[in-house]
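Below is the structure, and that's it, no one-letter string:
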């Protein structure tokens, strides 16, 4: 049973739990749950060492570890230095690290997303790094949660108000390691998109290097975990292609505010729009494909692109059909089957290898057009719209061509048809 309880701090705070305040690091004998008590006893030396590392780290502003971030003034002496503990959240066991970061951001110059992203980069990431150094081999539970409270100052000529905000980040252990090992904002953004992120107690689509957050319902975390599992397995052997086009961000160094006297001062960072970034990915894609134009049967006059199709991102490729059916022609079923089995399926592995890393897409859309004038009247234009993950499985020889085409939409002359590869041989 989960022992996480939501508490309030000038808005809200999501990972904190209520404990009887006693000095020093949380000890196993304070924990009632048998599983948490056993793990706390096993990992207590590492947690105490992590506590010391965090206390000694030169953050830009002081960070006070605090077991319950809504602790009242009378309790702070007891709550201090008790910010590392094992808890349950959504049926997962987490090592929770929480504290108060004594910096104040101006809401005039920094949006809510920029304040959260700045705290993520300047506080959460260093804590993650120290945590993974301490727990490089054996780790408690399922992941790590970091909860940081900071100040946000709203002011104009009429008033000056300072309130508190809180960012809570929850990473699985594999994602925590992947985040620290990632070399680009694109890869890090992908991990954030599928991790649990909260700002002021509400699920939040934090966006690196951008002013505004992403809508949570467009992110991978909005898909139930059981439906994500096959995607994780399918993509393991291929280049990182995991960032949705609607979530594309600049890979340049993030511009953050200079903070002086506890107040953030900056001009809004220049931003690259999602449309600009998508155009860059389209150019990169076609540069990668150009050397394989003949082998992939690409149509020179119709470049490939990432497109939005009913709310999903599709990699759309236009191909010239190299097959010929002579004077007798062939049925639309035979053309569809042979086009898929002989033209598209054999090149899937090469297609995946050529897609630029850093872009996430959901579908592969192949448009197979008449390839030569002699048979143009007999060849049909056929669209194959395939989910990416099963296509990856076919490229790895994990499933058959029939398994994949059963999951694809095959459209001829605006009519969807069903294709049985064996029956049309």
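Nice, I can see it. Here the structure is a predicted model, which means the values were calculated and not measured.

buried set for the longest strand belonging to the chain?
What stands out as the longest strand in the chain, according to DSSP state E, is strand 92-106. Within strand 92-106, the residues that qualify as buried are 92-101, 103-106, counting by 16 or more other CB atoms under 10 Å. Any C-beta I mention is one placed from the backbone N, CA and C, and that applies to glycine too.

check which helix or strand covers residue 198.
Using DSSP states H and E, residue 198 sits within strand 196-199.

Show residues contacting the helix or strand following that strand.
Remark: after strand 196-199, the chain's next helix or strand is strand 202-203, criterion DSSP H and E. For strand 202-203, the surrounding residues in contact (CB atoms under 8 Å, 6 or more residues apart in numbering) are 12, 196, 197, 216, 221.

Show the average pLDDT along strand 202-203.
The pLDDT scores in strand 202-203 average 92.

Sheet-wise, list the partners of that strand with their directions.
strand 196-199 (antiparallel) (DSSP bridges).

who touches the strand it pairs with?
With contacts defined as CB under 8 Å, 6+ apart, strand 196-199 is touched by 14, 90, 112, 116, 165-170, 203-206, 221.

at 6 Å instead, please
By CB atoms under 6 Å, 6 or more residues apart in numbering, the surrounding residues in contact with strand 196-199 are 14, 116, 167, 168, 169, 170, 204, 206.

beta partners of the closest residue to residue 418 other than its chain neighbours?
Closest residue to residue 418 apart from its sequence neighbours, by CB to CB, 6 or more residues apart in numbering: residue 410 at 7.4 Å. On the basis of DSSP bridges, residue 410 is bridged to residue 384, residue 417.

Of the contacts of strand 202-203, which is the most crowded?
Using other CB atoms under 10 Å as the neighbour criterion, residue 197 leads the contacts of strand 202-203 with 24 neighbours.

That residue and residue 167: what is the separation?
Separation of residue 197 from residue 167 (CB to CB, to the nearest Å) stands at 7 Å.

do residue 180 as well
18 Å.

do residue 57 as well
Per CB to CB, residue 57 is found 18 Å from residue 167.

follow-up on the earlier one: looking at residue 180 and residue 167, which one has more neighbours?
More crowded of residue 180 and residue 167, by other CB under 10 Å: residue 167, with 26 against 16.

Tell me if I am right that that one is in a helix.
No: counting by DSSP: H, G, I helix; E, B strand; the rest coil, residue 167 is not found in a helix; it is strand.

isn't the residue nearest to residue 418 right up against residue 333?
No: between residue 410 and residue 333 there is no contact under CB atoms under 6 Å: 9.3 Å.

The two: who's more crowded?
Neighbour count, other CB under 10 Å: between residue 410 and residue 333, residue 410 has more, with 21 against 17.

will you turn the contacts of strand 202-203 into TSV that also has pLDDT?
Formatted as TSV, the contacts of strand 202-203 follow (pLDDT from 0 to 100):
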residue	pLDDT
12	41
196	92
197	94
216	85
221	76
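
Can you show me the helices along the stretch 51-200 of the chain?
76-79, 112-119, 125-134, 173-181, 185-194 (DSSP state H, counting those that start in this stretch).

Let me know the pLDDT of residue 84.
Listed pLDDT for residue 84 reads 89.

how about it, what does it touch?
With CB under 6 Å, 6+ apart, residue 84 has these contacts: 47, 51, 97.

Just name the lowest-scoring one in those residues, pLDDT-wise.
For those, the pLDDT minimum is residue 47, 89.

For that residue, grab the count of nearby residues.
Residue 47: 22 surrounding residues under other CB under 10 Å.

Just want to check the distance between the closest residue in space to it that isn't next to it in sequence and residue 95.
Distances taken as CB to CB, 6+ apart place residue 84 nearest to residue 47, at 5.0 Å, with adjacent residues excluded. Applying CB to CB, the value for residue 84 to residue 95 is 7 Å.

Strands of the stretch 201-350 of the chain, residue ranges please.
For the stretch 201-350 of the chain, the strands defined by DSSP state E, counting those that start in this stretch cover 202-203, 258-260, 263-265, 305-309, 312-321.

most tightly surrounded among those?
Greatest average neighbour count among these goes to strand 312-321 (a mean of 22), per mean count of other CB atoms under 10 Å.

Any regions of the stretch 101-250 of the chain where pLDDT drops low?
155-162, 222-250 (pLDDT under 70).

Just give me the neighbour total for the closest residue to residue 342 other than its chain neighbours.
Ranked by CB to CB, 6+ apart and with sequence neighbours excluded, the top spatial neighbour of residue 342 is residue 323, at 6.6 Å. Number of residues near residue 323 (other CB under 10 Å) recorded here: 17.

Now residue 323. Its backbone dihedrals?
phi -80, psi 150 (degrees, to the nearest 10).

again with residue 365
Torsion angles, degrees, to the nearest 10, at residue 365: phi -120, psi 110.

So it sits against residue 314, correct?
Yes: if you go by CB under 6 Å, residue 365 and residue 314 touch, sitting 4.4 Å apart.

ok, back up a step: need the contacts of strand 196-199 in a markdown table (columns: distance to residue 176).
As requested, the contacts of strand 196-199 are exported to a markdown table (distance: CB to CB, whole Å):
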| residue | distance to residue 176 |
| --- | --- |
| 14 | 18 |
| 116 | 18 |
| 167 | 16 |
| 168 | 14 |
| 169 | 9 |
| 170 | 10 |
| 204 | 18 |
| 206 | 16 |
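
Surely residue 395 is in contact with residue 348?
Yes: contact between residue 395 and residue 348 holds when scored by CB under 6 Å: they sit 4.2 Å apart.

Run a quick neighbour tally on the closest residue to residue 347 other than its chain neighbours.
The shortest distance from residue 347 to any non-neighbouring residue, by CB to CB, 6+ apart, is to residue 296 (5.4 Å). By other CB under 10 Å, the residues close to residue 296 number 18.

I'd like the distance between residue 296 and residue 400.
Residue 296 is 22 Å from residue 400, by CB to CB.
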